[in-house]
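# The following comprises the amino acid sequence and a computationally predicted model.
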Amino acid sequence: MRTDNNITIFRKDYTPPSFWVDTVEMGFDLDPKATHVTTRTTLRRNTDSKEKELVLFGEGLKLVQIRMNGQKLARTAYQIDKHSLRIFNPPDNITLDIETQINPIKNTSLNGLYVSNGNFFTQCEAEGFRKITYFQDRPDVMAKYTVMLRADKKKYPVLLSNGNLIEEGKLSGGRHYAKWEDPFKKPSYLFALVAGKLVCQEEKIKLKSGRKALLQVWVEKGNLDKTQHAMDSLQNSIFWDEQRFGLELDLDRFMIVAVSDFNMGAMENKGLNIFNTKYVLANAKVATDADYAGIESVVGHEYFHNWTGNRVTCRDWFQLSLKEGLTVFRDQEFSADMIGTNSGRAVNRIADVRMLRQAQFPEDAGPMSHPVRPESYVEINNFYSVTVYEKGAEVVRMYYTLLGHEGFRKGMDLYFKRHDEQAVTCDDFRAAMADANGRDLTQFERWYSQAGTPRLKVSTTYDAAKKTYEISFTQSCPATAGQSKKLPFHIPVAVGLLNAAGQDMSLKCQEQANPTDSTTLVLEVTKAKQVFHFTNVKERPTPSILRNFSAPVEVEINYSDEDLAHLLAHDSDAFNRWEAGQRLAMRRLLKLTAAVQAGKPLELDTMFIDALSKTLNDTTLDAAFREQVLTLPSATNIAEQLKVIDPHAIQTARHFMRSEITRHLKDDLLTAYESNLTNGKYSPDAESTGKRALKNLALSYLQEWPQDSTFDLAHIQYKNAKNMTDRIGALSSMINAAILSQKDSASKSARKAAQLALDGALKDFYNAFKNEALVIDKWFTLQGSAASTDVKKMRQLLKHPAFTLTNPNRARSLIFAFCNANPAQFHAADGSGYALWADLVIQLNAINPQVAARLARSLDRWKKYTPALQEHMKTALEKVASAKNISKDVLEIINKALAA
Ligand code: TRP
Ligand code: ZN
């Protein structure tokens with residue numbers, strides 16, 4: 001069966017383009033209902049290609065005219081179907097003139113040229129350019145662009161495109177024009193234009209070479225009070241890339257534009273980055289600490305693409321991680337360097353690994369599992385995945401760990417020397433890393449071709465007489481969708497050994513040539529089974545394995561509770577300190593979950609609580625780090641450790657643990673709350689952020705203690721909050737407070753009073769921020785993920801006048817919160833949560849396939865749930881599969897799930 005909706009594209013089928021494009025000159029007559037686009041391209045035959053025809057992609061276009069070398073193209077010389085325009089037997093050198101007409105106002109997919117709040121924007125990655133004109137819309141076709149924009153001057157006073165503004169002026173009939181020229185060759189996916197009523201904050205900076213550059217952040221008029229942080233982040237990014245990688249901004253002008261209707265975070269169009277408002281707009285009133293951090297990292301990410309992605313781009317979309325994995329690694333390093341301190345870096349690392357485990361490990365174990373460099377896809381948008389991005393970044397980090405700081409830099413330098421202004425592959429990157437360091441990285445290729453999270457079994461033996469210590473590794477990798485057999489990976493395992501006093505021991509390893517005075521060694525595990533011998537080990541050590549999470553694997557090791565407590569108290573590697581605490585918690589959460597299922601009484605030992613209390617009360621540790629230790633593994637983390645997922649049992653177990661911790665540590669939590677108040681002017685620096693995080697975590701724990709005094713603490717914080725972090729932190733504590741679900745009649749009046757206070761606060765919050773879309777998103781998210789929000793309440797919220805499916809941020813705020821972050825309600829035993837999910841996937845599919853496909857992922861792991869839930873999930877999946885006009889985006893996800 002070969003229908004439009006199930007054509008699979010394979011990596012092995014790559015062929016070079018039949019023609020190269022040298023120049024592209026575009027003209028846009030912008031009109032919401034009928035925009036005319038003229039495109040003149042000069043092409044020359046690629047002698048390396050066997051393909052005779054010239055195939056241009058086009059999607060939903062009205063072809064007005066087509067001319068080749070000045071002549072109208074005869075109707076018999078070409079053929080048009082739904083997705084392409086094929087020119088038969090073209091000459092070797094061509095000038096093509098194509099005029100198309102498009103309808104941006106009707107474009108709700110937000111892919112191609114579209115209208116948002118009356119302004120024009122484009123999104124061309126991955127395959128949106130073909131919705132603007134017929135073109136060889138593939139990343140290995142790189143050309144120089146000149147763009148002429150024409151529009152009504154009153155309605156669209158600002159006209160922007162890539163590169164430099166070379167001309168502007170008036171036209172008759174109240175229209176005006178602007179002409180832009182991009183000095184660098186680029187693939188079509190980096191094309192962009194913006195037109196409309198926008199204002200900007202601008203600053204001039206001096207680059208390392210002494211050149212000056214103009215930086216602009218463009219927003220809607222009311223938002224100029226929220227651009228400073230994005231501007232600061234952009235300047236920090238520019239200076240960081242000069243410093244750390246010797247990479248300078250190559251343009252005289254660099255623009256960021258914020259738009260409220262956007263499918264993802266942001267887009268790295270050359271010189272004209274277009275951003276979701278969520279990753280631009282911030283001030284203390286509306287943005288949380290997490291928002292500030294998100295803006296810094298996304299601004300960095302898009303800016304760093306200017307070299308890793310734009311100057312050197314991808315040969316084809318299978319190579320996506322070449323730019324995304326590398327650029328995520330770069331933005332992670334940037335954020336870490338911005339904090340500067342070691343403990344700050346560790347906190348960032350912990351957050352990144354948390355996210356990897358929360359999203360990437362499940363993806364890699366489910367029906368959408370794919371290698372960092374996928375072998376096939378139906379819809380490429382579905383492969384902008386946590387595997388390509390986050391696991392891809394881990395793969396790049398492993399080069400860094402294996403080659404060292406200097407070695408990695410040498411590899412990067414060689415990569416740019418070899419491939420500047422080229423479209424290349426992941427293999428080219430690996431070759432640059434290997435060649436620059438004289439290393440054989442052949443086996444390392446498996447990180448790109450094999451999917452699945454490798455398991456690393458560790459066992460140790462100590463010989464007290466000989467003073468030797470052995471660490472044995474056994475690696476394996478579970479079968480994944482379409483991949484049953486796996487070969488051993490090249491795994492860098494950073495290891496340290498702690499003595500009984502908790503200090504690092506000096507290391508001497510027979511198999512590893514690393515400097516022996518070091519207290520952390522990077523062991524290179526390359527075989528299925530491998531043993532490392534340490535000598536001169538004076539006492540039995542506690543091993544600290546996979547320091548700083550040196551590889552994206554799962555470590556299985558038989559630690560005793562005492563070992564873990566020792567590591568939690570002393571490991572010099574802050575990541576593994578945290579990891580030890582998580583292991584202690586996870587062990588107990590799994591036992592508790594089993595106890596819930598068996599109907600046995602629930603108990604939590606004091607040893608664990610003592611270990612937590614020590615960390616909580618250790619004020620020599622950063623608040624941010626303590627907050628990470630006190631944050632329990634998520635329901636998803638727990639689920640991944642189980643053969644069969646019973647969301648209600650997990651929820652009960654996790655809730656029990658939280659309330660036990662609170663029961664024992666109530667006073668400590670209160671102290672932590674009171675001693676981490678941040679007064680004075682708001683600042684999103686790492687220290688204040690950490691304090692607020694710990695304080696708000698303490699507040700949320702305290703809500704497990706169903707008393708009006710703890711609830712009042714949250715209510716007072718809400719009323720007195722001077723920044724959004726404190727305000728939303730308080731509201732979140734209130735909405736999830738145990739007092740609201742107290743059942744006994746004795747607490748009836750306290751419960752009623754709390755409910756009244758919560759309702760009042762929710763109303764107050766809405767009224768105070770009804771004109772701040774991003775804040776109203778938070779309001780919806782809070783409710784979508786609240787334990788008290790059931791399907792019925794969800795259906796009410798979906799009817800709220802401020803709710804809409806057409807704005808991705810708003811749709812995600814409520815729906816994704818419910819389907820991905822409210823497990824107890826989403827997995828309602830009667831399947832009503834899944835029925836709601838199916839309705840919403842179908843509705844969203846008609847508006848925006850990309851957003852719908854993301855939501856479709858919520859049932860990925862259906863085969864892991866209890867039989868009764870599976871049955872309901874299957875019904876919901878089948879309902880979507882058989883609905884009318886389902887996009888290939890959504891179908892690919894659903895079909896893969898159903899085939900699992
Ligand atoms: N390349 C963009 C980024 O790094 C992401 C992106 C891909 C995107 N496709 C998109 C953004 C579609 C918006 C819409 O980070
Ligand atoms: Zn990116």
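Nice, thanks for sending it over. Since the structure is predicted, the reported quantities are computational estimates derived from the model, not experimental observations. Ligands and ions are numbered 1, 2, ... in the order given.

# Tell me, please, where in this protein the pLDDT is lower than the cut-off.
1-5, 514-517 (pLDDT under 70).

# what does it put close to ligand 2?
Residues of the chain lying close to ligand 2 (C-beta under 5 Å from the ion) are Glu324, Thr327. The C-beta positions use only the backbone N, C-alpha and C, and glycine is treated the same way.

# Identify the residue nearest the geometric centre of the chain.
Centrality entry for the chain: nearest residue to the mean C-alpha point is Val386, 6.3 Å, by C-alpha atoms, centre = their mean.

# That one and Phe361 touch, don't they?
No: between Val386 and Phe361 there is no contact under C-beta atoms under 8 Å: 9.0 Å.

# Enumerate every residue touching the closest residue to Ser321 other than its chain neighbours.
In this structure, Ser321 finds its nearest non-sequential neighbour in Gly392, 3.5 Å apart by C-beta to C-beta, 6 or more residues apart in numbering. The contact partners of Gly392, taken as C-beta atoms under 8 Å, 6 or more residues apart in numbering, are Ser321, Glu324, Gly325, Leu326, Val328, Val372.

# In helices, which of these fall?
Using DSSP state H, the members of the contacts of Gly392 that fall in helices are Ser321, Glu324, Gly325, Leu326, Val328.

# Would you mind measuring from the fourth one to Gln123?
The span separating Leu326 from Gln123 equals 22 Å under the rule C-beta to C-beta, to the nearest Å.

# what does Lys170 give?
Look at Lys170 and Gln123: by C-beta to C-beta, they are 30 Å apart.

# ok, now Lys82?
With C-beta to C-beta as the criterion, Lys82 and Gln123 are 21 Å apart.

# of these two, who's got more company?
Gln123 (26 against 8; other C-beta atoms under 10 Å).

# The more buried one and Ala266 touch, don't they?
No: applying C-beta under 8 Å, one finds Gln123 not in contact with Ala266, separated by 10.3 Å.

# and Glu51, helix, strand or coil?
coil (DSSP: H, G, I helix; E, B strand; the rest coil).

# you'd agree it is up against Thr15?
Yes: contact criterion C-beta under 8 Å: Glu51 and Thr15 qualify, at 6.7 Å.

# what residues are up against the residue nearest to the centre of the chain?
Here Val386 is in contact with Met355, Leu356, Ala359, Gln360, Glu363 (C-beta under 8 Å, 6+ apart).

# ok now do the closest residue to Gln358 other than its chain neighbours, which residues does it touch?
Nearest residue to Gln358, sequence neighbours excluded (C-beta to C-beta, 6+ apart): Thr636, at 5.4 Å. Contacts for Thr636 (C-beta under 8 Å, 6+ apart) come out as Gln358, Pro362, Pro823.

# ok, back up a step: ok, and which of the contacts of Gly392 reach ligand 1?
Taking C-beta under 6 Å from any ligand atom as the test, ligand 1 is in contact with Glu324 out of those.

# With neighbour count as extra columns, can I get the contacts of Gly392 in CSV?
Formatted as CSV, the contacts of Gly392 follow (neighbours: other C-beta atoms under 10 Å):
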residue, neighbour count
Ser321, 29
Glu324, 25
Gly325, 28
Leu326, 25
Val328, 25
Val372, 28
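
# so which of the contacts of Gly392 would you say is closest to ligand 1?
Lowest distance from ligand 1 to the contacts of Gly392 (C-beta to the nearest ligand atom) belongs to Glu324, with 6.0 Å.

# hang on, isn't that closest one packed against Lys391?
No: using C-beta under 8 Å, Glu324 makes no contact with Lys391, being 10.4 Å away.

# what does this structure put close to ligand 1?
Checking the chain against ligand 1 by C-beta under 6 Å from any ligand atom, the hits are Gln123, Glu125, Ala126, Asn263, Met264, Gly265, Ala266, Met267, Glu268, His301, Glu324, Tyr384.

# which residues does the first one bridge with?
To tie it back to what came earlier, the one meant is Gln123. Gly112 (DSSP bridges).

# Can you pull the phi/psi pair for whichever residue of the stretch 301-450 of the chain sits closest to ligand 1?
Distance from ligand 1 to each residue of the stretch 301-450 of the chain (C-beta to the nearest ligand atom) is smallest for Tyr384, at 5.0 Å. Per-residue torsions, Tyr384: phi -80, psi 70 (degrees, to the nearest 10).

# May I have stretch 765-782 exported as PDB, CA atoms only?
The C-alpha trace of stretch 765-782 is given here as PDB (Å, rounded to 0.1, in the frame of the first residue of the first chain):
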ATOM      1  CA  PHE A 765      -4.100  35.200  39.600                       C
ATOM      2  CA  TYR A 766      -6.200  35.000  36.500                       C
ATOM      3  CA  ASN A 767      -7.400  38.600  36.800                       C
ATOM      4  CA  ALA A 768      -4.000  40.000  37.600                       C
ATOM      5  CA  PHE A 769      -2.400  38.300  34.500                       C
ATOM      6  CA  LYS A 770      -5.200  38.000  32.000                       C
ATOM      7  CA  ASN A 771      -3.200  40.100  29.500                       C
ATOM      8  CA  GLU A 772       0.000  38.100  29.900                       C
ATOM      9  CA  ALA A 773      -0.400  35.000  27.700                       C
ATOM     10  CA  LEU A 774       2.600  33.200  29.000                       C
ATOM     11  CA  VAL A 775       1.400  33.600  32.600                       C
ATOM     12  CA  ILE A 776      -2.100  32.400  31.700                       C
ATOM     13  CA  ASP A 777      -0.400  29.300  30.300                       C
ATOM     14  CA  LYS A 778       1.100  28.700  33.700                       C
ATOM     15  CA  TRP A 779      -2.400  29.000  35.200                       C
ATOM     16  CA  PHE A 780      -3.700  26.400  32.900                       C
ATOM     17  CA  THR A 781      -0.700  24.100  33.500                       C
ATOM     18  CA  LEU A 782      -1.100  24.300  37.200                       C
END
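
# from the chain's centre, how far out does it sit?
23 Å (C-alpha atoms, centre = their mean, to the nearest Å).

# Return the set of buried residues in it.
765, 769, 772-782 (16 or more other C-beta atoms under 10 Å).

# And stretch 614-626, by the same measure?
Thr615, Leu616, Leu621, Asp622, Ala623, Ala624, Phe625, Arg626.

# Which of the residues you listed sits closest to Leu110?
Nearest to Leu110 among the buried residues of stretch 614-626: Ala624, at 35.5 Å, using C-beta to C-beta.

# Could you find the closest non-adjacent residue to that closest one?
Distance criterion C-beta to C-beta, 6+ apart; nearest residue to Ala624, sequence neighbours excluded, is Gly690 at 2.8 Å.

# Go ahead and confirm the one you found touches Glu627.
Yes: in this structure, Gly690 is within contact of Glu627 by C-beta under 8 Å, at 6.6 Å.

# okay but Ala528 is in contact with Gln475, surely?
Yes: between Ala528 and Gln475 there is a contact at 6.0 Å, judged by C-beta under 8 Å.

# who has more neighbours, those two?
Gln475 (21 against 13).

# The more buried one and ligand 1, how far apart?
Distance check for Gln475 against ligand 1: by C-beta to the nearest ligand atom, to the nearest Å, it reads 31 Å.

# By proximity to ligand 1, which residue of the chain wins?
Counting by C-beta to the nearest ligand atom, the chain gets nearest to ligand 1 through Met264 (3.4 Å).

# Contact partners for that residue?
Asn276, Tyr384.

# Nearest to ligand 2 among the ones in helices among the contacts of Gly392?
Among the ones in helices among the contacts of Gly392, Glu324 lies closest to ligand 2 (C-beta to the ion), at 4.7 Å.

# Kind regards, and thank you for your time.
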